[in-house]
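1. coordinates for the following, if possible.
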Amino acid sequence: MAERAGRIWIGCAGWSIPRSHAHAFPRGASVLERYARVFDAVEVNSTFYRTPRPGTCQRWADSVPDGFRFSLKLPRAMTHYARLRDAEAALDAFFASVAPLSRAVGAVLAQLPPTLALDEEVADAFFGAVRARVRRRVVVACEPRHASWESGAARALWRRHRVTRVAADPPRFVADAEPEGARPAYWRWHGSPRIYHDAYSDARLDALVRSLQQAGEGWAIFDNTAGGHATADALRLRARLEGLDVLSPPREAAA
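-> Sure, this is the predicted structure:
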């Protein structure tokens, strides 16, 4: 299925639905099915800790409509323990396990540890291996958290392997508040001022709307899940973008 150009994908890190916002989601056979009737994307953070079994991935795929997209966070075994080295076998095993989701994978995310400085040779091999294992339309996103990744060498890496550097909030270094590299862009908002806990103000969401409109297409993922604010902020952002032709059309329930 070809993706429509100029599309904005909105979602949360995980598909849990806080009780305080349950009224905004239609009934469904599962929480994921309910979530996917409102949002068209989700970032799966559980894959960072444990690779799901193929049967689990098939259930996820069967729970969402055709237009829904998953962003899969790459396992910490690759990013944090192996620190991007010798990833070929691990990547093969990961993508074999999630193969039932292949039609619905819209992005893969590598979040790097704050202590991981850029090693050009290692990073080049890793992101080349990731890009070789996904379809061209799939976004390969990276959230580096060490200032060495704000360099000409990193920018060349993004171009070479069509990687988008995440626009993170709060930023770890000055430049990573804005997206860089390939498009579509990928915003990952963790909550501010308290990371993971605080909701975003109307002014901050309005600023994100302007950034999304300027980019023309991209992903906006809310990771401030600790207090249940991610769901509310994603709903508020979606409401602000209603009527824009870059926003995905209403979704129908999966058969």
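
2. let's verify the closest residue to Leu74 other than its chain neighbours: helix, strand, or coil?
-> Excluding its sequence neighbours, the residue lying closest to Leu74 (CB to CB, 6 or more residues apart in numbering) is Ala110, at 4.9 Å. Backbone N, C-alpha and C define where each C-beta goes, glycine included. At Ala110 the chain is in strand, as set by DSSP: H, G, I helix; E, B strand; the rest coil.

3. which residues does Ala110 contact?
-> Going by CB atoms under 8 Å, 6 or more residues apart in numbering, Ala110 touches Lys73, Leu74, Met78, Thr79, Leu84, Phe126, Phe127, Val130, Val140, Ala141, Cys142, Glu143.

4. what's the closest non-adjacent residue to the first one?
-> Leaving out its chain neighbours, the residue that sits closest to Lys73 by CB to CB, 6+ apart is Phe48, at 4.4 Å.

5. does the one you found really touch Leu72, like I thought?
-> No - Phe48 is beyond contact range of Leu72, at 9.2 Å (criterion: CB atoms under 8 Å).

6. those two: which is more packed in?
-> Shown here are Phe48 and Leu72; by other CB atoms under 10 Å, Leu72 has more neighbours (26 against 20).

7. whatever helix or strand that one lives in: which residues count as buried?
-> Taking DSSP states H and E as the definition, one finds Leu72 inside strand 69-73. For strand 69-73, a neighbour-count test (16 or more other CB atoms under 10 Å) marks Arg69, Phe70, Ser71, Leu72, Lys73 as buried.

8. repeat that for stretch 194-202.
-> Applying a neighbour-count criterion of 16+ other CB under 10 Å, one finds Asp198, Ala199, Tyr200 buried in stretch 194-202.

9. ok, now which ones touch the nearest residue to His21 once chain neighbours are set aside?
-> Excluding the flanking residues, the one nearest His21 by CB to CB, 6+ apart is Thr231, at 4.9 Å. For Thr231, the contacting residues are Cys12, Ser16, Ile17, Pro18, His21, Ala24, Phe222, by CB under 8 Å, 6+ apart.

10. quick one, which of those are buried?
-> Buried among those by 16+ other CB under 10 Å: Cys12, Ile17, His21, Phe222.
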